[in-house]
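In: Got a predicted structure plus its sequence, pasted below:
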Amino acid sequence: MTQWTRTTFVIDSLPSESFEGYSNGDNWNGWACPFFDRATAERVLRASEQNNYTWQYDSQSDAFIVRSTDDPDDYEPEVFSATKAQVGDESLTLYAIGAYSWIWEEAAPIA
C-alpha cells in the first residue's frame, strides 16, 4: 500500500508561491513528484499561466490537459489524470500536476 505524506511544494518558476499537496515518496531525476487536490491543482495551473502555460479540465477523463504556448503546434500536451489515494481515513482524488516533468521541490512536511 502506498504511503502518502501531506507536504508543501515549491517550484522555481513560481518563486513567491507554495502549494500544499501530497507525496507518495516518488522522485523524478531527484525532483519531487507532487499530487494535489483539484482546488490546489487549479491554483497551480492558474499561477503557471504567467509562465506561458494554458490548461483545461476534461471532466470525461477526469484529467487536466496542459500545454505550453512555447511548444510547437504538433507537440502533445501533458495530461494529468486523477489518482485515487487513501490518506489516513480519507479517500482523496489527486492530480500529479507537473510530477515527473516539472522541477518541484518538497519544502516541508505538514503535521
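Out: All right, it came through fine. Numbers count the residues shown, from 1 in each chain.

In: so where do the strands sit in this protein?
Out: Remark: strands assigned in the chain by DSSP state E are 5-11, 19-23, 27-28, 31-32, 53-58, 63-68, 78-87, 90-95, 104-109.

In: What residues of the last one count as buried?
Out: Read that as strand 104-109. 104, 106 (16 or more other Cβ atoms under 10 Å). From N, CA and C alone the C-beta is placed, and that goes for glycine too.

In: Check which helices and strands it is in contact with.
Out: When contacts are defined as 3 or more Cβ pairs under 8 Å, 6 or more residues apart in numbering; DSSP states H and E, strand 104-109 sits against strand 5-11, strand 31-32.

In: List the strands paired with the longest one, with their directions.
Out: By that I understand strand 5-11. Paired strands of strand 5-11, with direction, are strand 19-23 (antiparallel), strand 104-109 (antiparallel) (DSSP bridges).

In: in the chain, which residue is closest to the centre?
Out: For the chain, residue 97 is the residue whose C-alpha lies nearest the centre (Cα atoms, centre = their mean; 2.1 Å).

In: Settle this for me: it is touching residue 36, isn't it.
Out: Yes: between residue 97 and residue 36 a contact is recorded at 5.6 Å, counting by Cβ atoms under 8 Å.

In: Quick check: neighbours shared by these two?
Out: residue 44 (Cβ atoms under 8 Å, 6 or more residues apart in numbering).

In: one step back: is it possible to get TSV of the strands paired with strand 5-11 that adds mean pLDDT and distance to residue 46?
Out: Formatted as TSV, the strands paired with strand 5-11 follow (pLDDT from 0 to 100; distance: least, Cβ to Cβ, whole Å):
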stretch	mean pLDDT	distance to residue 46
strand 19-23	97	11
strand 104-109	89	17
